[in-house]
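# Predicted model and sequence below, questions to follow.
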2 protein chains.
Amino acid sequence: MNLDNIRVVLVNTTHPGNIGGVARAMKNMGLSSLTLVEPKAFPSPDADARASGATDLLEGAAIVSTLEEAVADAHLVVGTSARGRHIPWPIMDPHEMAGVIAKAQSGSASSHVALVFGREDRGLTNEELQLCHIHVHIPSVESFSSLNIAAAVQVLAYECRMAYLANQTAVQQAPQWGTEWDADLAEHKELELFYEHLERVLIDVDFLDPEKPRQLMPRLRRLFQRALLDKIEINVLRGMLTHIEKKRRR
Amino acid sequence: MNLDNIRVVLVNTTHPGNIGGVARAMKNMGLSSLTLVEPKAFPSPDADARASGATDLLEGAAIVSTLEEAVADAHLVVGTSARGRHIPWPIMDPHEMAGVIAKAQSGSASSHVALVFGREDRGLTNEELQLCHIHVHIPSVESFSSLNIAAAVQVLAYECRMAYLANQTAVQQAPQWGTEWDADLAEHKELELFYEHLERVLIDVDFLDPEKPRQLMPRLRRLFQRALLDKIEINVLRGMLTHIEKKRRR
């Protein structure tokens, strides 16, 4: 578990005070890397006030214009989500999420993790959620389910820190596919190139109708995202697609 | 575990906005009982604004003048504390605390619990901490250890809710990818037919050389096995392979 490689990504945050609250929660829990995707108002005195001493995180924050940029080099992308999306995705609670992060980083501590938080009023879009490997849901009361964004960051950062401290002190549990994995995890941009390639081939063999795509690509994405592909696997899959294309052309 | 019998007690809170943030965090996690010991400014529009729909908790809040009054009928009093107090006290992390509360309430669900939070700038006094049964410390970074009070309430309330939900579902087996998956898992024989099909196609497109198979099929197997394919996904994958074959034959 390497807290330095866990990045918090805030998408289109409206209230700068919330960004300050997020920075404070992060610094309290030992996280330091913050990326803002098109914040409505930043920098801002409200952000500084709520940060209460965590202004160094605000000063160091990266500002980018798309979520894709924010997660381009991430090996594991975690999206925060309310329940009840169109296509169910592997969804876990914050404690389980911390376990997955610990496993992902146990093989190579340099695995980069992005925790992605959506807009105050409507969270992440379905398209944004499909960039993620796993979705995490803070188990709130159904009739009053929307947490303040700084509170949500506090909970996930707390679970990361608990896992980090447990790692420091306890004998590690055997990871599912962590420690002795034989290849590094694929990066976000490699995955996206694979999905583009896959889509081209599926259209080419008339399996995917671009006029009527139904839920084919989201389903395939969900499958491969939850498997957390490694670099060898992504090469194998790309090689497979290339061979299918070559045979078609002849 | 009975969330209705867990009361949050705030001692001498200075900023009414924080009281609102506390109310929201409580309501998100299913807590409803709030007691304020001599708040500096309450009620207040700032409190209502930050409560964001949890104003019912603010309206129902009890206001008392001493901590003793606030905890008079409590069976278990939990004080939040920074480390390094004058007299060491049984100190636990929030997860352990939730376990203690669950045990305390497992005998009689009517056991009343009070979670006590101190002033924004200096927490609880030694005298106040000595009214508590246990002290809980949120494991923050030593050099930046003071959480916002609403963030601290969020973490403890979250752990209470996690313990409550674990209690509720203790008998049920935890499903792999959350409760609301949309398809049954594929059966072993369906998987094997898929692997045979995949292998045929890979040979057909000259990606897999049967004379020199290397580790190709084992790698692909490992990938799909760990994803735990469902029945829709296996049909999508089989359909893909069938279309690739059809195109080849023409």
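Great, that's in hand.

# what about the helices in chain A?
A:16-29, A:45-51, A:55-59, A:67-71, A:94-107, A:126-129, A:149-169, A:188-204, A:216-227, A:231-249 (DSSP state H).

# would you turn those helices into JSON lines with distance to residue A:82, mean pLDDT and mean neighbour count?
In this view, the C-beta of every residue, glycine as well, is placed from N, C-alpha and C. Shown next, in JSON lines, are the helices of chain A (distance: least, CB to CB, whole Å; pLDDT from 0 to 100; neighbours: other CB atoms under 10 Å in any protein chain shown):
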{"stretch": "helix A:16-29", "distance to residue A:82": "18", "mean pLDDT": "98", "mean neighbour count": "27"}
{"stretch": "helix A:45-51", "distance to residue A:82": "24", "mean pLDDT": "97", "mean neighbour count": "19"}
{"stretch": "helix A:55-59", "distance to residue A:82": "27", "mean pLDDT": "98", "mean neighbour count": "17"}
{"stretch": "helix A:67-71", "distance to residue A:82": "18", "mean pLDDT": "95", "mean neighbour count": "22"}
{"stretch": "helix A:94-107", "distance to residue A:82": "14", "mean pLDDT": "89", "mean neighbour count": "22"}
{"stretch": "helix A:126-129", "distance to residue A:82": "10", "mean pLDDT": "90", "mean neighbour count": "16"}
{"stretch": "helix A:149-169", "distance to residue A:82": "11", "mean pLDDT": "93", "mean neighbour count": "22"}
{"stretch": "helix A:188-204", "distance to residue A:82": "23", "mean pLDDT": "95", "mean neighbour count": "17"}
{"stretch": "helix A:216-227", "distance to residue A:82": "17", "mean pLDDT": "89", "mean neighbour count": "20"}
{"stretch": "helix A:231-249", "distance to residue A:82": "30", "mean pLDDT": "93", "mean neighbour count": "16"}
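
# Of all those, which one is nearest residue B:71?
helix A:149-169 (25.1 Å; CB to CB).

# Nearest the geometric middle of chain A, what residue?
For chain A, the residue nearest the mean C-alpha position is residue A:77 (2.0 Å; CA atoms, centre = their mean).

# how close does that residue sit to residue B:82?
34 Å (CB to CB, to the nearest Å).

# Quickly check: stretch A:130-138 near chain B or not.
Yes. Using CB under 8 Å from any CB of the partner chain, stretch A:130-138 reaches chain B at A:137-138.

# Please list the residues outside that stretch that contact it.
A:67-68, A:71, A:76-83, A:85, A:89-94, A:96-97, A:100, A:116, A:129, A:147, A:152, A:155-156, A:188, A:218, A:221-222, A:225-226, A:228, B:28, B:158, B:178 (CB atoms under 8 Å, 6 or more residues apart in numbering or on different chains).

# same question, stretch A:64-77
Here stretch A:64-77 has contacts from A:7, A:9, A:11, A:35-38, A:62, A:100-101, A:104, A:111-114, A:116, A:128, A:131-134, A:184-189, A:192, A:228, using CB under 8 Å, 6+ apart.

# Can you get me the start-to-end distance on it?
End-to-end span of stretch A:64-77 (CA to CA, to the nearest Å): 17 Å.

# Then stretch A:104-118?
End to end - CA to CA - stretch A:104-118 spans 23 Å.

# Pull out the buried residues from it.
Neighbour counts over stretch A:104-118 (16 or more other CB atoms under 10 Å in any protein chain shown) mark A:104-108, A:111-118 as buried.

# Between the residues you listed, which sits nearest residue A:208?
residue A:116 (27.3 Å).

# Look up how far chain B lies from the closest one.
18 Å (CB to the nearest CB, to the nearest Å).

# who touches that residue in this structure?
A:9, A:11, A:67, A:70-71, A:77-80, A:124, A:128, A:131-132.

# Can you spell out the domain ranges of chain A, please?
The record assigns chain A these domain ranges, following automatic domain parsing: A:3-169, A:188-249.

# right, so of those domains, which gets closest to residue B:204?
The closest of those to residue B:204 is domain A:188-249. By CB to CB, the value is 7.8 Å.

# Just checking that closest one against chain B, any contact.
Yes. Domain A:188-249 reaches chain B (CB under 8 Å from any CB) through A:202, A:204-207, A:216, A:219-220, A:223-224, A:226-227, A:229, A:232-233, A:236, A:239-240, A:243-244, A:246-248.

# Now the terminal residues of that domain, how far apart.
End-to-end for domain A:188-249, by CA to CA: 29 Å.

# distance of residue A:106 from chain B?
Distance, residue A:106 to chain B, using CB to the nearest CB: 16 Å.

# looking at it, residue A:104 is touching residue A:228, isn't it?
Yes. If you go by CB atoms under 8 Å, residue A:104 and residue A:228 touch, sitting 6.9 Å apart.

# Please enumerate the shared neighbours of these two.
Taking CB under 8 Å, 6+ apart as the contact rule, residue A:104 and residue A:228 both touch A:76, A:185.

# Share the number of residues neighbouring residue A:125, please.
As a burial measure, residue A:125 scores 13 neighbours (other CB atoms under 10 Å in any protein chain shown).

# who are the neighbours in contact with it?
Taking CB under 8 Å, 6+ apart as the test, what residue A:125 contacts is residue A:118.

# Which pLDDT value goes with it?
pLDDT, residue A:125: 93.

# Please apply the same query to residue A:172.
pLDDT, residue A:172: 39.

# Quick check: the gap between residue A:89 and residue A:56.
Distance from residue A:89 to residue A:56, by CB to CB: 34 Å.

# I should have written residue A:230 there, sorry.
Here residue A:230 is placed at a distance of 35 Å from residue A:56 (CB to CB).

# Same check on residue A:117?
20 Å.

# End to end on stretch A:133-142, go ahead and measure it.
24 Å.

# now do stretch A:81-93
Stretch A:81-93 has its terminal residues 10 Å apart, counting by CA to CA.

# Report the mean per-residue pLDDT for it.
73.

# Give me the nearest residue to residue A:15, chain neighbours excluded.
residue A:120 (6.4 Å; CB to CB, 6 or more residues apart in numbering or on different chains).

# which residues sit in contact with the one you found?
A:13-15, A:18, A:149 are the contacts of residue A:120 under CB under 8 Å, 6+ apart.

# Which two among those residues are spaced furthest apart?
A:14 and A:149 (9.4 Å).

# how close does residue A:110 get to residue A:184?
When distance is defined by CB to CB, residue A:110 is 8 Å away from residue A:184.

# Check residue A:245 too.
Taking CB to CB, one finds residue A:245 at 26 Å from residue A:184.

# again with residue A:26
Between residue A:26 and residue A:184 the distance is 26 Å, computed by CB to CB.

# just residue A:161 next, same as before
25 Å.

# likewise residue A:113?
According to CB to CB, residue A:113 stands 14 Å off from residue A:184.

# Residue A:105 now?
From residue A:105 to residue A:184 the distance is 12 Å (CB to CB).

# Return every residue with contacts to both of those two.
Joint contacts of residue A:105 and residue A:184 (CB under 8 Å, 6+ apart) are residue A:111.

# What sits closest to residue A:121 if chain neighbours are left out?
residue A:14 (7.3 Å).

# That neighbour touches residue A:38, doesn't it?
No. Shown here, residue A:14 and residue A:38 do not form a contact pair, counting by CB under 8 Å, at 10.8 Å.
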